[in-house]
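Okay, sequence plus prediction incoming.
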Protein chains: 2
Amino acid sequence: MSNQEFVVLGQDDAAGGCCPELLTTPLDEGQAVELAKVFKALGDPVRLRLLSMIASRAGGEVCVCDLTPAFELSQPTISHHLKLLRQAGLIDCERRGTWVYYWLVPEMTDRLAAILTRPAGEPLPDRTAPAGATS
Amino acid sequence: MSNQEFVVLGQDDAAGGCCPELLTTPLDEGQAVELAKVFKALGDPVRLRLLSMIASRAGGEVCVCDLTPAFELSQPTISHHLKLLRQAGLIDCERRGTWVYYWLVPEMTDRLAAILTRPAGEPLPDRTAPAGATS
């Protein structure tokens, strides 16, 4: 497949970095919309398990025929979840004959990891939330 | 508030590590359900912007009164989004008089970053998706 559906995260970042700054600079609305699509794709247990099965597979790719039996879900449902992961840029695929083979796009998980990583050397705050606080 | 609502990610991990292994070992169903809740909380542009505003604030905490004006949303809607971030363990809060103050829980973003980080030294695959592949 082409990369046209892929979400581009921060490649036009003004700072010239690889990623929007989530933890150090407030995201603008456009960055938040794009990034939320990727996290939303991860926000489902079936998709997380699919991603994990694909990413952890020795050899780096998995036939859809090996993914489906792990779930009590129909093939079209699995395919739908895989499509959402693919549209988020987290996996890619190739059809070979009858079956489609999937692999992780590690550049995307690398970007998410970078986005969620605090600046080097920043200590954890020493906080104890007092009782009675509420939202 | 108490920590009772917090999602615990992988603290009982059999490997003794801090986090479930997303990229190297298939997640089990329970891990996937817990982790999906956190990613789902991040899968919304308003919540991502709120988290980013809170995380990047000098001094480490933000009054809800400083968050609301950045959005064309009602105070109850903002409070609802903040509640979802808090229930996911991404932020915490304390009421002081009229206002509630929020701060990042960096342990949670650290965990997510670790979960999304590939094992050290693993090279990026040299892949070129062929034309015509499809899901």
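Yep, that arrived.

just checking, residue A:117 touches residue B:115?
No. The pair residue A:117 / residue B:115 is not scored as a contact, 11.7 Å apart, by Cβ atoms under 8 Å. (Glycine included, C-beta is placed from N, CA and C.)

Looking at the two, which is more packed in?
Higher neighbour count among residue A:117 and residue B:115: residue B:115, with 28 against 19, using other Cβ atoms under 10 Å in any protein chain shown.

from what I can see that one touches residue B:25, true?
No. The pair residue B:115 / residue B:25 is not scored as a contact, 11.3 Å apart, by Cβ under 8 Å.

hey, where'd the helices end up in chain A?
With DSSP state H, the ranges of helices along chain A come out as A:29-42, A:45-55, A:64-67, A:75-87, A:106-115.

Pick the most buried one from these.
Neighbour counts (mean count of other Cβ atoms under 10 Å in any protein chain shown) averaged over each of the helices of chain A peak at helix A:45-55, with a mean of 24.

Outside of that one itself, which residues are in contact with it?
The contact list for helix A:45-55 (Cβ atoms under 8 Å, 6 or more residues apart in numbering or on different chains) reads A:41-42, A:61-62, A:67, A:70-71, A:73, A:78, A:81-82, A:84-85, A:90-91, A:102-104, A:106, A:109, B:21-27, B:29, B:32-33, B:35-36, B:39.

Let me have the helices of chain A in JSON lines, adding distance to residue A:95 and mean pLDDT as columns.
Shown next, in JSON lines, are those (distance: least, Cβ to Cβ, whole Å; pLDDT from 0 to 100):
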{"stretch": "helix A:29-42", "distance to residue A:95": "21", "mean pLDDT": "97"}
{"stretch": "helix A:45-55", "distance to residue A:95": "16", "mean pLDDT": "97"}
{"stretch": "helix A:64-67", "distance to residue A:95": "10", "mean pLDDT": "94"}
{"stretch": "helix A:75-87", "distance to residue A:95": "12", "mean pLDDT": "96"}
{"stretch": "helix A:106-115", "distance to residue A:95": "21", "mean pLDDT": "95"}
